[in-house]
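here is the input, now give the coordinates:
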Amino acid sequence: VLVSVICPPPQNYPLYIRSVPTENELKFHYTVHTSLDVVDEKISAMGKALVDQRELYLGLLYPTEDYKVYGYVTNSKVKFVMVVDSSNTALRDNEIRSMFRKLHNSYTDIMCNPFYNPGDCIHSRAFDNMVNSMMMQVC
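Prediction:
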């Protein structure tokens with residue numbers, strides 16, 4: 001399982017990446033970076049309709065043999081990517097959507113912190129705890 005927060009364009013660099021187990025972390029980095037193209041494709045395909053909607057959940061970006069990759073984009077174009085094991089059939093679309101909402105709310109809390117500089121990597125114990133609890137639910 002992997003959770004990633006990606007900076008808005010044109011930088012598109014990761015602000016936060018957490019994976020469990022950690023031995024496949026490099027593979028997960030590759031998966032996240034390849035998913036950014038799919039996210040950009042989906043955003044451009046939705047066009048103006050995406051701007052009008054409050055729901056910014058992109059759904060399943062693409063499945064692989066081992067993983068399913070889901071995406072979410074905020075109004076400020078910050079991207080959230082979640083990679084889950086394909087064998088985990090207990091996760092429904094509504095649960096993934098709910099997890100992204102929790103992630104977005106926690107990210108918003110970080111952005112409201114006057115000591116956080118937008119664009120810096122995320123180093124927050126509260127955010128880590130929320131992500132870890134989400135990952136334990138999935139695993």
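
surely Asp93 touches Gly59?
Yes. Applying Cβ atoms under 8 Å, one finds Asp93 in contact with Gly59, separated by 6.9 Å. Every C-beta, even on glycine, is put in place using the N, C-alpha and C of the backbone.

now the longest helix along the chain, how far from the centre of its chain.
Longest helix in the chain by number of residues (criterion: DSSP state H): helix 25-46. Counting by Cα atoms, centre = their mean, to the nearest Å, helix 25-46 is centred 10 Å from the centre of its parent chain.

who are the packing partners of it?
strand 2-6, strand 14-19, strand 57-63, strand 67-73, strand 79-85 (3 or more Cβ pairs under 8 Å, 6 or more residues apart in numbering; DSSP states H and E).

hmm, try it at 10 Å
Applying 3 or more Cβ pairs under 10 Å, 6 or more residues apart in numbering; DSSP states H and E, we find helix 25-46 packed against strand 2-6, strand 14-19, helix 48-52, strand 57-63, strand 67-73, strand 79-85.

list the contacts of Pro118.
When contacts are counted by Cβ atoms under 10 Å, 6 or more residues apart in numbering, Pro118 is found next to 7-8, 15, 76, 78, 110-111.

good, we can wrap up now.
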